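Peer 1: Show me the folded form of this:
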Amino acid sequence: MSDQSLLRVGSIEALREATGRWRAAGETIVLVPTMGALHAGHLSLVEEAKRVGQRVVVSIFVNPTQFGPNEDFSRYPRVLEADLALLREAQADLAWLPGVEIMYPEGFATRIEVGGPSGGLCGDLRPGHFSGVATVVTKLLHQVQPDIALFGEKDFQQLKVIQRMVHDLDMPFDIRGVPTLREPDGLALSSRNRYLSPEERAKAPELHRVMADLAGRLGAAAAAGPLLCEGLSALETAGFRPQYLELRDAETLASVTTASRPARLLAAAYLGNTRLIDNLPVTPV
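Peer 2: Next comes the predicted model:
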């Protein structure tokens, strides 16, 4: 990592001039895609990027195509100058800041659809969401052309969708997941946590507590169903409105009834008006 200050880039030409220079020097380029409102979880991705590569590009783009008509696109937090200050402090090399006119210019007519791991869970609850994610990530990957791209495991279904897409389309990018960063009380870090009221924030760690208890028991359970029903009841008692609590294969995200091989426990639940997601590994016993 050089001592140069953070480059702030808003055009593809300037982006490719910088990345082309680094690539010609034989430096490994790592991309961290974000929608801004950066927190310690994002910065842990930057730290991992610095560990595995020589140059770190962080993209900030609030992608409209992955939000549904009744979702929070308009109120999604946008704090660009604060984000850039954090990236300077973290010693990222380049902030890629494309506008909507670059990502979706007039006449844009292409969408990427990924089957397999996009089925069920958030894929059913948020129609079109993963198509929007796959499309914007495809563009970001081809714009930056990184050697490695890092994604947080908190959005585990998203990670698996992107890995499937890159594999299926023979894209020459190494897509890696980075473990979820949590608050001391277990709550997964998320830009949406700032929507929680003080009372909701006090309740929010119960999601992780219930899931951790279940994950520890599911590995030895003969059938997941009764434990998942127990978990849903516990979340409702704690004041959540669960959307799903499911056990899935850790690689394919196919539904499973037992953890006979590595699995993942995934959940989405509303607390007040804030939608929280989380996931934990389940290891066969």
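
Peer 1: From now on I want contacts and neighbour counts done on CA atoms only, so please keep to that.
Peer 2: OK.

Peer 1: Now do the same contact list for the residue most central in space within the chain.
Peer 2: Central residue of the chain (Cα atoms, centre = their mean): residue 155, 3.9 Å from the mean position. Contacts of residue 155 were listed using Cα atoms under 8 Å, 6 or more residues apart in numbering, and they are 277, 278.

Peer 1: Return the per-residue confidence for it.
Peer 2: Note for residue 155: predicted pLDDT of 97.

Peer 1: again with the one 3 residues further on
Peer 2: As predicted, residue 158 sits at a pLDDT of 98.

Peer 1: The residue lying closest to it once chain neighbours are set aside and residue 177, how far apart?
Peer 2: Using Cα to Cα, 6 or more residues apart in numbering and skipping residues adjacent in sequence, the residue nearest residue 158 is residue 130, 7.2 Å away. Here residue 130 is placed at a distance of 17 Å from residue 177 (Cα to Cα, to the nearest Å).

Peer 1: Now the phi/psi pair for the residue nearest to the centre of the chain, please.
Peer 2: Here is the backbone geometry of residue 155 (degrees, to the nearest 10): phi -90, psi 70.

Peer 1: Which residue is most remote from the mean position of this protein?
Peer 2: Most peripheral residue of the chain (Cα atoms, centre = their mean): residue 222, 31.3 Å.

Peer 1: any idea how far that one is from residue 210?
Peer 2: 19 Å.

Peer 1: Pull out the buried residues from the helix or strand hosting residue 162.
Peer 2: Taking DSSP states H and E as the criterion, residue 162 maps to helix 156-168. Within helix 156-168, the residues that count as buried by 16 or more other Cα atoms under 10 Å are 156, 157, 158, 159, 160, 161, 162, 163, 164, 165, 166.

Peer 1: helices or strands next to that helix in the packing?
Peer 2: Using 3 or more Cα pairs under 8 Å, 6 or more residues apart in numbering; DSSP states H and E, the elements in contact with helix 156-168 are helix 129-144, strand 174-178.

Peer 1: if we can go back for a sec, ok, the buried residues of helix 156-168 vs residue 72, which is closest?
Peer 2: residue 158 (18.1 Å; Cα to Cα).

Peer 1: ok, the closest one - contacts?
Peer 2: Residue 158 touches 118, 130, 133, counting by Cα under 8 Å, 6+ apart.

Peer 1: who wins for neighbours among those residues?
Peer 2: Within these, residue 130 tops the neighbour count with 27 neighbours, counted by other Cα atoms under 10 Å.

Peer 1: can you give me the helices in the protein?
Peer 2: Ranges of helices in the chain, per DSSP state H, are 12-24, 40-52, 80-90, 100-103, 122-125, 129-144, 156-168, 198-203, 206-218, 225-237.

Peer 1: Just send the ones you listed back as TSV, with distance to residue 269 too.
Peer 2: TSV is the format used below for those (distance: least, Cα to Cα, whole Å):
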stretch	distance to residue 269
helix 12-24	38
helix 40-52	20
helix 80-90	27
helix 100-103	30
helix 122-125	11
helix 129-144	17
helix 156-168	15
helix 198-203	12
helix 206-218	8
helix 225-237	8
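
Peer 1: between these, which gets nearest to residue 260?
Peer 2: helix 206-218 (9.9 Å).

Peer 1: Okay, buried residues for the closest one please.
Peer 2: 206, 207, 208, 210, 211, 212, 214, 215, 216, 217, 218.

Peer 1: Please report how far the fifth one lies from residue 234.
Peer 2: To tie it back to what came earlier, the one meant is residue 211. Residue 211 sits 10 Å away from residue 234 when distances are taken as Cα to Cα.
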